[in-house]
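**Student:** let's see this in three dimensions:
(one chain, ligands or ions: 1)
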Amino acid sequence: MEHIVKPVMDTVIAKNPGEKEFHQAVHEVLHSLDKVLDSYPNLLYHRILERIVEPERVIMFRIPWIDDQGTLQVNRGFRVEMNSSLGPYKGGLRFHPSVNLSIMKFLAFEQVFKNSLTGLTLGGGKGGTDFDPKGKSDLEIMKFCQSFMTELSRHIGENTDIPAGDIGVGAREIGFMYGQYKRIKNQFAGVLTGKGSEWGGSFLRPEATGFGLVYFSANMLETRSETLEGKTCLISGSGNVAQFTAEKLLELGAKVISFSDSTGCMIDHDGIDHEKLSFVKELKNVHRGRIAEYKERYPHAEYYRYNPRDTSNPLWNRKADCAFPCATQNEINLEDAGHLVENGVTLVAEGANMPTCEEGVELFIENNVLFGPAKAANAGGVAVSGLEMAQNGSRIQWKRSKVDDELHKIMKKIHTTCRRSAKEYSDEDNYVDGANISGFLRVANAMIDQGYV
Ligand code: NDP
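**Tutor:** Take a look at the predicted model:
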């Protein structure tokens with residue numbers, strides 16, 4: 001089947017030059033699909049592979065805004081509406097200076113399969129901007145969000161495209177963007193998820209990605225008759241996903257020893273308990289500080305400042321049982337993956353999107369490490385966003401316990417679905433193939449049903 005997948009990949013590279021993250025995400029999915037194409041000749045007849053790698057729509061726009069010094073600034077905004085076969089486009093908005101078209105397309109592509117895995121009626125999309133929120137005043141953030149939404153509002157809607165948060169976009173930014181949407185459209189519509197719980201947001205949405213990641217990891221360990229209790233865990237990042245991953249791990253009796261940000265990483269061999277986690281939450285969410293300040297508060301901790309010349313990340317070179325990359329794409333290179341394997345890590349679950357390079361993923365699988373790929377393991381966030389949409393549609397708010405029950409069920413179902421597909425087409429423990437194949441088949445069948453659109 002290589003003769004079918006390779007020309008598709010070659011075309012993606014030729015038509016999207018320089019978009020290395022997008023190439024990587026497509027390559028990983030096509031590599032898994034190679035194992036099923038024999039069984040589904042109709043996929044080839046309907047040219048599903050050629051269609052699924054092409055976004056339905058890409059919107060790119062100018063965002064002018066005025067900073068606190070009165071200077072006009074200009075940023076670039078994106079929304080990639082990748083696939084709407086299963087429902088309205090759904091996926092987060094990222095505010096980070098590294099944002100470009102390649103990163104937007106890789107995230108949108110991944111989102112299609114992730115959303116499919118949740119079993120909900122959600123299409124896939126992603127958006128964002130190269131605006132850097134670091135060091136900006138609240139007023140600058142508000143002015144930027146208003147300008148961003150002024151253009152984005154033409155393209156989204158509660159039945160069309162429903163963005164959410166991602167890196168650099170939390171409750172504050174969602175609030176400012178929602179206010180501007182409401183003002184422009186004169187509608188109190190469920191057009192964004194991650195809203196405040198007093199004005200349309202779902203309970204547990206902030207926690208959902210991290211909690212879901214831990215539920216999925218517990219499901220993976222259960223297949224080997226193990227639990228998270230007593231396990232030593234490495235976490236990277238210190239934002240939304242990292243914080244709630246840590247919170248749930250502590251609740252289940254695991255020992256969390258690290259956090260990081262884009263400047264450096266810290267290790268606390270005594271373990272990060274609830275009090276230390278509260279310090280990190282306040283540091284990051286209220287003071288918007290650097291993780292280096294952890295060492296000022298807890299001097300026994302180690303801190304390592306990243307250097308552009310580093311070939312590996314010392315965070316991943318520690319004795320531990322489990323690793324949860326929760327910062328950004330490609331944060332685990334092959335050398336890091338080798339260190340994790342050598343140090344005896346038996347589970348890696350991706351909170352961030354595509355944090356492990358492709359060779360690293362292969363190394364984990366070869367070494368029998370339980371590896372939870374992002375599209376399955378971090379799907380809890382979008383799943384609860386889907387539940388927020390359902391609550392908005394019926395104008396009611398579910399209790400926290402009901403949302404948590406649903407999140408548990410969805411993560412369990414994703415786990416079962418991945419293993420079932422993996423067993424049928426690959427190897428039962430290969431969650432990468434399981435997630436790619438089952439996520440893809442649901443979208444592909446819907447595309448076939450809906451004709452050549
Ligand atoms: P946040 O903005 O809350 O936190 C991001 C964290 O990652 C920060 O600690 C940030 O450090 C760090 N980080 C960002 N870029 C880099 C970089 N280039 N190098 C090193 N560290 C970096 O974002 P989230 O926690 O929401 O998102 C984290 C990951 O999880 C992303 O990959 C996102 O796509 C994914 N994800 C998020 C979901 C959600 O519901 N929020 C859902 C599913 C996936 P610093 O403070 O220095 O910028």
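**Student:** can you give me the buried ones in the helix or strand encompassing Glu247?
**Tutor:** Per DSSP states H and E: Glu247 is located in helix 240-251. Across helix 240-251, burial judged by 16 or more other CB atoms under 10 Å covers 240-250. Glycine gets a C-beta too; all of them are placed from N, C-alpha and C.
**Student:** who's in contact with that helix?
**Tutor:** By CB atoms under 8 Å, 6 or more residues apart in numbering, the list of residues contacting helix 240-251 from outside reads 165, 170, 206-211, 213-215, 228, 233, 235-236, 256, 259, 272-274, 277, 280-281, 284-285, 324, 326-327, 351-352, 378, 381.
**Student:** what is the following helix or strand past it packed up against?
**Tutor:** For helix 240-251, the succeeding helix or strand toward the C-terminus, using DSSP H and E, is strand 255-256. Judged by 3 or more CB pairs under 8 Å, 6 or more residues apart in numbering; DSSP states H and E, strand 255-256 is in contact with strand 232-235, helix 240-251.
**Student:** now the strand or helix carrying Lys413: how far from the chain's centre is it?
**Tutor:** Assessed by DSSP H and E, Lys413 sits inside helix 400-425. Taking CA atoms, centre = their mean, to the nearest Å, the mean C-alpha location of helix 400-425 is offset from the chain mean by 17 Å.
**Student:** and that helix, what's buried?
**Tutor:** Buried-residue list, helix 400-425, by 16+ other CB under 10 Å: 403-404, 406-408, 410-411, 414-415, 417-419, 421-422, 425.
**Student:** and Gln187, how many residues sit next to it?
**Tutor:** Neighbours of Gln187 under the rule other CB atoms under 10 Å: 12.
**Student:** actually Phe22, sorry about that
**Tutor:** Going by other CB under 10 Å, the residues that sit close to Phe22 add up to 26.
**Student:** that one and Phe109 touch, don't they?
**Tutor:** Yes: taking CB atoms under 8 Å as the definition, Phe22 is a contact partner of Phe109 at 6.7 Å.
**Student:** near the ligand, which residues of the stretch 301-450 of the chain show up?
**Tutor:** The stretch 301-450 of the chain comes close to the ligand at residues 326-328, 351-353, 378, 381, as judged by CB under 6 Å from any ligand atom.
**Student:** let's go with 5 Å and repeat that
**Tutor:** Residues of the stretch 301-450 of the chain found near the ligand (CB under 5 Å from any ligand atom) are 327-328, 352-353, 378, 381.
**Student:** so which of those residues are in helices?
**Tutor:** Gly381 (DSSP state H).
**Student:** can you put the residues of the stretch 301-450 of the chain next to the ligand in JSON lines and add neighbour count and pLDDT?
**Tutor:** Listed next are these as JSON lines, based on neighbours: other CB atoms under 10 Å; pLDDT from 0 to 100:
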{"residue": "Ala327", "neighbour count": "24", "pLDDT": "98"}
{"residue": "Thr328", "neighbour count": "19", "pLDDT": "98"}
{"residue": "Ala352", "neighbour count": "26", "pLDDT": "98"}
{"residue": "Asn353", "neighbour count": "26", "pLDDT": "98"}
{"residue": "Asn378", "neighbour count": "29", "pLDDT": "98"}
{"residue": "Gly381", "neighbour count": "29", "pLDDT": "98"}
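**Student:** tell me the confidence at His3?
**Tutor:** pLDDT for His3: 77.
**Student:** about what we covered before: and which of the buried residues of helix 400-425 is nearest Ser39?
**Tutor:** Tyr425 (7.8 Å; CB to CB).
**Student:** now do the strands in the stretch 201-350 of the chain.
**Tutor:** 232-235, 255-256, 258-260, 264-267, 302-305, 322-324, 347-349 (DSSP state E, counting those that start in this stretch).
**Student:** parallel or antiparallel, list what pairs with the shortest one.
**Tutor:** Think strand 255-256. Partners of strand 255-256 in the sheet, by DSSP bridges, are strand 232-235 (parallel).
**Student:** just the CA trace of the strand it pairs with, in CSV.
**Tutor:** What follows is strand 232-235, C-alpha atoms only, in CSV (Å, rounded to 0.1, in the frame of the first residue of the first chain):
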residue,chain,number,x,y,z
THR,A,232,6.8,9.2,40.2
CYS,A,233,5.7,11.5,37.4
LEU,A,234,7.4,14.1,35.2
ILE,A,235,5.3,16.9,33.9
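**Student:** can you list contacts of it?
**Tutor:** 242, 245-246, 249, 254-259, 315-316, 318-324, 326, 345, 351.
**Student:** farthest from the middle of this protein: give me that residue.
**Tutor:** Gly70 (35.2 Å; CA atoms, centre = their mean).
**Student:** element containing that residue?
**Tutor:** Using DSSP H and E, no helix or strand contains Gly70.
**Student:** and the one 5 residues further on, by the same measure?
**Tutor:** Here Asn75 is covered by strand 72-83, with elements defined by DSSP H and E.
**Student:** beta partners for Gly124?
**Tutor:** Bridge pairing for Gly124 - DSSP bridges - gives Asn83.
**Student:** tell me who's in contact with it.
**Tutor:** 82-83, 89-91, 108-116.
**Student:** hmm, try it at 6 Å
**Tutor:** Contacts for Gly124 (CB atoms under 6 Å, 6 or more residues apart in numbering) come out as 82-83, 91, 108, 111-112, 115.
**Student:** in contact with the nearest residue to Met82 once chain neighbours are set aside: list those residues for me.
**Tutor:** Using CB to CB, 6 or more residues apart in numbering and skipping the chain neighbours, the partner closest in space to Met82 is Ala108 (3.9 Å). Contacts of Ala108 were listed using CB under 6 Å, 6+ apart, and they are 80, 82, 124-126.
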